[in-house]
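>>> here is my input; please provide its structure:
(one chain, ligands or ions: 2)
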Amino acid sequence: AVLILLGPPGAGKGTQARMLEEDFGLVQLSTGDLLRAAVAAGTEAGKRAKAVMEAGGLVSDDIVLAILKDRMAQPDVARGIILDGFPRTAGQAAALDALLAEAGQRVTAAISLEVDDEAMVGRVSGRYTCGTCGEGYHDEFKKPAVAGTCDKCGGTAFKRRADDNAETVRERLKAYHDQTAPLIAYYDKLGVLERIDAMGPIAQIRTGLGAIVNRVS
Ligand code: AP5
Ligand code: ZN
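Numbering: from 1, shown residues only. Ligands and ions are numbered 1, 2, ... in the order given. Next up is the predicted model:
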């Protein structure tokens, strides 16, 4: 299966993609994570992406596609993938279709996580992750069971993203509405669009997504 999670910053793409990985054995493929790894490693692509990401804009299609193709060439993607944060432009969507077609595949479903923009500023600003395993948390909505200790790996070091401040989140929301939201109509035309209300509790959305995945795959 090739699943796409569409939604603005804070919609829960990463949170739910990691759960779908657990529930269905699929592989999460986040271009945001891949780009942050490139920035941290100081690669040429990372150097070009850094300032754009910190300002809340979209990294150019050529950089994103090169990074994505590298990742798609790895053998584990054969288990099926959940694309989290990709595609984000019409050009990326067309490139994905072409890449899949080469392998005789197509998008199974593009799932739009529907949320209120205003709530996203609070969700993103309160977010932090485990520095060891990457598990995501939130100051208010998803605290570890034992304060200061990761539920998943027991790690005690946590980190926050450089672009998770209210001002940059508003830029990211704008980029989403200008460049990514039109993809909802694109996938609707292809007959693979699914929508889910993503304002409820995390566990409830996980169940709803699970039902969609079972139905389409
Ligand atoms: P990326 O890393 O993709 O960030 P994003 O799209 O802005 O999405 P987020 O990671 O902020 O949100 P999410 O939907 O994953 O929410 P999460 O599950 O963490 O991209 C970052 C940057 O990289 C971009 O700005 C761009 O510059 C660049 N980039 C990446 N891909 C690109 C591409 N394809 N093309 C060009 N540029 C690209 O949840 C957020 C918080 O809310 C968490 O704390 C979570 O615990 C909490 N939460 C989740 N669900 C709920 C819920 N239902 N109720 C309450 N709290 C919840
Ligand atoms: Zn951890």
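
>>> part of a strand, is V213?
No. V213 is assigned helix when assessed by DSSP: H, G, I helix; E, B strand; the rest coil, not a strand.

>>> list the residues that contact it.
Residues counted as contacts of V213 (C-beta atoms under 8 Å, 6 or more residues apart in numbering) are A1, L3, L20, D23, F24, A109. Every residue, glycine included, has its C-beta placed from N, CA and C.

>>> strands - which of those residues land there?
Using DSSP state E, L3, A109 are the members of these that sit in strands.

>>> just the buried members of the contacts of V213?
Among the contacts of V213, those scoring as buried are A1, L3, L20, F24, A109 (criterion: 16 or more other C-beta atoms under 10 Å).

>>> max pairwise distance over the contacts of V213: which two?
Using C-beta to C-beta, the two most remote members of these are D23 and A109, lying 15.1 Å apart.

>>> in the protein, which residue is most central in space?
D84 (2.8 Å; C-alpha atoms, centre = their mean).

>>> for this protein, what lies in contact range of ligand 2?
Contact residues (C-beta under 5 Å from the ion) of the chain with ligand 2: C130, T132, C133, E135, C150, K152, C153, G155.

>>> which SS state does the third one fall under?
Classification of C133 into helix, strand or coil gives coil, according to three-state DSSP.

>>> what sits closest to it if chain neighbours are left out?
C153 (4.1 Å; C-beta to C-beta, 6 or more residues apart in numbering).

>>> what's the answer for the last one, then?
Distances taken as C-beta to C-beta, 6+ apart place T132 nearest to G155, at 3.3 Å, with adjacent residues excluded.

>>> tell me the pLDDT at that neighbour?
Note for T132: predicted pLDDT of 97.

>>> from ligand 1, how far off is V213?
Distance of V213 to ligand 1, computed by C-beta to the nearest ligand atom, to the nearest Å: 17 Å.

>>> phi, psi for the closest residue to D76 other than its chain neighbours please.
In this structure, D76 finds its nearest non-sequential neighbour in V27, 5.3 Å apart by C-beta to C-beta, 6+ apart. Per-residue torsions, V27: phi -110, psi 120 (degrees, to the nearest 10).

>>> before we move on, what about I111?
Backbone torsions of I111, given as degrees, to the nearest 10, read phi -110, psi 120.

>>> please, where are all the strands along the protein?
Here the chain has its strands, by DSSP E, at 2-6, 27-30, 81-84, 109-114, 127-130, 136-138, 158-159, 193-197.
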